[in-house]
Structures are given as structure tokens and as C-alpha cells.
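>>> Here is my input; please provide its structure:
(chains A and B)
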Amino acid sequence: MLTGKQSWTFENKPAILSTGVSGGPFEAKGNLADDFDILHDDLWIGEDSYEKAHKVLIEEAAEKAIEKGNIQKEDIQFFLAGDLINQISPTSFAARGIGLPYFGLFGACSTSMEGLALSAFLVNNNGARYVLTGASSHNAAVEKQFRYPTEYGSQKPPTAQWTITGAGMAVVTNQENRTNSSVSITAATIGKVVDMGLKDPFNMGGAMAPAATDTIMAHFHDLGIKPDHYDLIVTGDLGKIGRATTLDLLSQKGLSLREEQFKDCGIMIYKEDQPVQSGGSGAGCSATVLYGHLLNEMKKGTYKRILMIATGALLSPLSYQQKESIPCIAHAVALEYENK
Amino acid sequence: MANQTNDNAAQKAYKQLQGKHETQRPVLKNCLRAFLVGGIICAIGQAVMYFYIYFFNFTEQTAGNPTTATMVFFALLLTGFGVYDRLAQFGGAGSAVPVTGFGNAVISAAIEHRSEGYVLGVGGNIFKLAGSVIVFGVFSAFVVALIKTIFIQLGG
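Take a look at the predicted model:
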């Protein structure tokens, strides 16, 4: 149901039935390794290109999510997913194998929540019984496309972020088919494109902070709730700089969050001593952390209500070489776990 | 552009606010590290040069070419084993400016695009990064030679 200007509330209790999360070697050494279902010790994953390895990550996460949901692939009506590579080919190639009716999504690193919001909407309004959704990224494939060859020696500034290798997939289902351990999707806010003129592709967090702020403000305004409604407000991949900037922007607009209430997946996923500069990023960042770590924490009782805001920088290698600024977007999804 | 993005005053204000949170590049530390790494690479280069002069039939004028080739070969090994990019994160310009940095730019592009085949991949992309060094290097050499020739003709 449309609530306010740009939000949906889901009265029919769609829920995340199960999830599958795969990751690479750098994530295996990270902070949240225990929350991944599948970890690889090699970036190539036995394939002969990084793009193929990227595809395998998606397939594995999807299979795992279906398996853990105790359903058959044929039960699922739609597959909604995307990644960062040109024409989202890894996801489309994975969809070829998965063989489900498919919506290819591109929202850069906000794709995970774009997919989850749309899936919840579909299920909530009887458009589907089961939907498979998710997002992914592969460090080397993204470096190759957006930056330099992986082995090229360039010094990254402290504002840069590390694209994660991983895929997070979730099966979303309706009230009849959910189980006791399913996490409800209660609301979603769709963001608009915000561009504050930043041009540095090595400072995505700084570019994305205004988009995150815009969506967070819109969410609380549309739903008429206060930040204390949520135990945790978590952003996708703002990194240290983007997170601090967003906190500042929010307090300027009169929304003050407690430090420990506002986290970022890009900061959570890696250890302090891993050389990731400002933090992790990539479409897989929010997907793996939410569908792995955060859902596990909700089921353990650490958090009851979470607002997840996935942020995306909608640039291309061509656009920044042509000196364009970086347009950004953020989508928010609210989750709730009722302990039975 | 102004009508597509948010208005300019707000952008300026935001840049200022964002700048407060932005971690600056540690310029002095980077300079010292570049000096150290670049110095070590050049010292190794010098040692290789002496090696060619003392053990082979090279002079100080002719030892440059085999030395460059040897240093690029070292860069090739370090790039292939995935060490050079780590060295560069530490050393910055120190590892980018010497000829090993040029070698790394060529070799890393060749490795990266192997998956697209030898013609469109390796061949088409090998000078993706180093190409502009070659283009502008050759062009500035041409300009300098032209100026030198003009002066010699006029002066001579």
C-alpha cells in the first residue's frame, strides 16, 4: 500500500523465508566469515575468467537459498537480481541456468534493496507466491571494469573503498508459506536520484551520503515514525567517510541517531587491519551482510527491527572520464522479526 | 549541468560539509615512502647496470638498455605473482615512476585481458595504460628534437 510520497507498507506480511550467501577469500578473512554459507579461497573459483566466477557466486547463493527454504525451484515465480558489470551479464548468465522468469535490475550497490522492495511488493499483492531476489559483486571483475587491471600498481587514497566478492540471495514469500523463523518485510522506501556534484570515484561514500540522507528522511516522514522505532539503522556501503557525513547531514535536518544505532555494512564486513581504506562496497556488500549476518542476529534476538538502506553510485567508467559528477540513489527496506 | 543536478549553492555547502569528514591523503608520509621505494628500485637498477658493465662487454652508455630490460623483467615477475600492486599501495609514485612502473602497467593489462583472447584481449589492451606514456613520450621527443634542430641550424 502506498504510504506517504514514496513508501510502501506491506499489510499482508511478506517475509524472507530463507537466504543464501557466498563470498570470496578476502571475505573469508573478514569479520563476518561465520555468517557466509559458502566461502571460496580463490577469486577465480575454478573458472577461467572473473566474470564467470562472478556468475558462479550468484548461482551458488541462489541454490543455497532455495535449498534452505525447503522448496523446489519450480515453486518460485520470479527472479529479481542485478550486479555491477556491464549489462548485468553475470546475473543474466546465472538466470539462464536458474531458468526462472527474470527481472534484471540495475541500481548499482542499491540493487539488493531495490530487489527486496519489489519482491515484497509482488508477494504482498498476490503477484507471486515465492520470489528469489539478490545482488552480487566480484572485486576483480569490478576493478577491471571501473578502475585499473587488478595487478596494476596504483596507490588508492584513504577515501577509496574495497568492492566485496560475494552474492546474497533471498527467497521472499507470502503469509501462507512463511515459517516461524521468517523475517517480515514491513515497509520500503524508494529513493530518488540525488547528485551533490561530487566527482571523485575514489570517494563513493561522500557522494552517496546525501542520497542515503534523503531516503532515510523520506522514510520517517512517510511512515510517521521516529528513529527509535528501529533497533538498528544500517546503510549498505557508505564506508567510514560516508557514514560520518550522513550522521552529520541527518542531525542538520533534525534527525539525531545514536552512534551505536547507525551502522554500515561496508564497515562491518571487514576487520580493522584489512587494507580496505574507507570500507567495503559493491552490490554484494549490503546483500551478503543483510542476508547473512544481520538476519542471523535478528533470529538470535540482537535486533527486533532493522531499517536497511542500500546506497548506490550510478556512475560509469565513461561518465567519470567525461568529468560528470556522480548521481546516487538509496532504497530502504524495513524488517521485523517476531520471536515466537 | 546545473538544471540536472541540485542547485549550486547547496552543492558547495555540501562539499564543505563532506570535506570535514574526508580523510586526506597523507602527503608527507606518501612522499617519504615514495622516496624510499623509488630509491631502492633505482639502487637495484644501478647495481644491475654495474653488473653488466663489469661482467659483460657494456659501457656506461650502452648498459642502459639491458638494465631497463632486466628491471622490466623483475617487474613482470612481481606483477605476475601479485606483489607489485601491494608495493605500489605502500610506495605510490616511488613504484610508478621508475621503468618498473611502466612495465607493471603493460604487464598487468596483458594479464587482465587474457580472458578476451590474444587479439582483442591482450593485443588490444596491453597498452591501455602505458599507451599515453608512449604517445606523449614520442611526441615530446619529436618537439624537443625539432627545437634542438632549429637552434643548431640557426646557430651553426
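>>> per the record, what domains does chain A have?
Chain A resolves into domains spanning A:2-173, A:183-336 when parsed by automatic domain parsing.
>>> first to last residue in the last one, what's the distance?
Across its full length, domain A:183-336 reaches 6 Å end to end, with C-alpha to C-alpha, to the nearest Å as the criterion.
>>> count of neighbours near residue 105?
If you meant another chain, say so; for now it's chain A. Neighbourhood size, residue A:105 [other C-beta atoms under 10 Å in any protein chain shown]: 21. No exception for glycine: its C-beta is placed from N, CA and C like everyone else's.
>>> ah, no, chain B please
Neighbour count for residue B:105, taken as other C-beta under 10 Å: 27.
>>> what's it in contact with, if anything?
A:152, B:129-130, B:133 (C-beta atoms under 8 Å, 6 or more residues apart in numbering or on different chains).
>>> hmm, back to that, same list (the domains of chain A) but as JSON lines, adding mean pLDDT and distance to residue B:116.
Output for the domains of chain A, formatted as JSON lines (pLDDT from 0 to 100; distance: least, C-beta to C-beta, whole Å):
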{"stretch": "domain A:2-173", "mean pLDDT": "96", "distance to residue B:116": "8"}
{"stretch": "domain A:183-336", "mean pLDDT": "96", "distance to residue B:116": "16"}
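>>> Nearest approach to chain B belongs to which of these?
Closest approach to chain B among the domains of chain A is made by domain A:2-173 (2.6 Å; C-beta to the nearest C-beta).
>>> can you give me the offset of the closest one from its chain's centre?
Centroid separation for domain A:2-173 versus its chain: 8 Å, with C-alpha atoms, centre = their mean, to the nearest Å.
>>> In chain B, what residue lies closest to chain A?
Residue nearest to chain A within chain B (C-beta to the nearest C-beta): residue B:88, separated by 2.6 Å.
>>> residue boundaries of the helices in the stretch 1-150 of chain A?
A:25-28, A:50-68, A:89-98, A:111-124, A:139-146 (DSSP state H, counting those that start in this stretch).
>>> What helices and strands are in contact with the last one?
Right, the one you point to is helix A:139-146. helix A:50-68, strand A:162-163 (3 or more C-beta pairs under 8 Å, 6 or more residues apart in numbering or on different chains; DSSP states H and E).
>>> Kindly reformat the ones you listed as TSV and extend each row with mean neighbour count.
Rendered in TSV, the data for the helices and strands packed on helix A:139-146 read as follows (neighbours: other C-beta atoms under 10 Å in any protein chain shown):
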stretch	mean neighbour count
helix A:50-68	23
strand A:162-163	26
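>>> of all those, which lies closest to residue B:71?
helix A:50-68 (28.9 Å; C-beta to C-beta).
>>> now the angle between helix A:89-98 and that closest one, please.
For helix A:50-68 against helix A:89-98, the angle by axes from the mean of the first three to the mean of the last three C-alpha atoms, to 10 degrees is 50 degrees.
>>> Helix A:50-68 near chain B anywhere?
Yes - with C-beta under 8 Å from any C-beta of the partner chain as the criterion, chain B is reached by helix A:50-68 at A:50-51.
>>> which residues does the residue of chain B closest to chain A contact?
Contacts of residue B:88 (C-beta under 8 Å, 6+ apart): A:152-155, B:95-96, B:101, B:104.
>>> Quick check: which element contains it?
Assessed by DSSP states H and E, residue B:88 sits inside helix B:84-91.
>>> For the helix or strand of chain B with the lowest mean pLDDT, list the C-alpha coordinates in CSV.
Within chain B, no helix or strand scores below helix B:8-21, which has a mean of 91 by mean pLDDT, DSSP states H and E. The C-alpha trace of helix B:8-21 is given here as CSV (Å, rounded to 0.1, in the frame of the first residue of the first chain):
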residue,chain,number,x,y,z
ASN,B,8,25.0,25.1,-7.0
ALA,B,9,24.8,26.8,-3.6
ALA,B,10,23.6,23.6,-1.9
GLN,B,11,26.3,21.6,-3.7
LYS,B,12,29.0,24.0,-2.4
ALA,B,13,27.7,23.8,1.1
TYR,B,14,27.7,20.0,0.9
LYS,B,15,31.2,19.8,-0.5
GLN,B,16,32.3,21.8,2.5
LEU,B,17,30.5,19.6,5.0
GLN,B,18,31.7,16.4,3.3
GLY,B,19,35.3,17.8,3.2
LYS,B,20,35.2,17.9,7.0
HIS,B,21,34.8,14.1,7.2
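>>> per-residue confidence averaged over whichever helix or strand comes after that helix?
Note on helix B:8-21: by DSSP H and E, the next helix or strand toward the C-terminus is helix B:27-55. Helix B:27-55 shows an average pLDDT of 96 in the prediction.
>>> Now do helix B:27-55 against helix B:84-91, angle only.
120 degrees.
>>> For stretch A:308-319, buried residues please.
Across stretch A:308-319, burial judged by 16 or more other C-beta atoms under 10 Å in any protein chain shown covers A:308-315.
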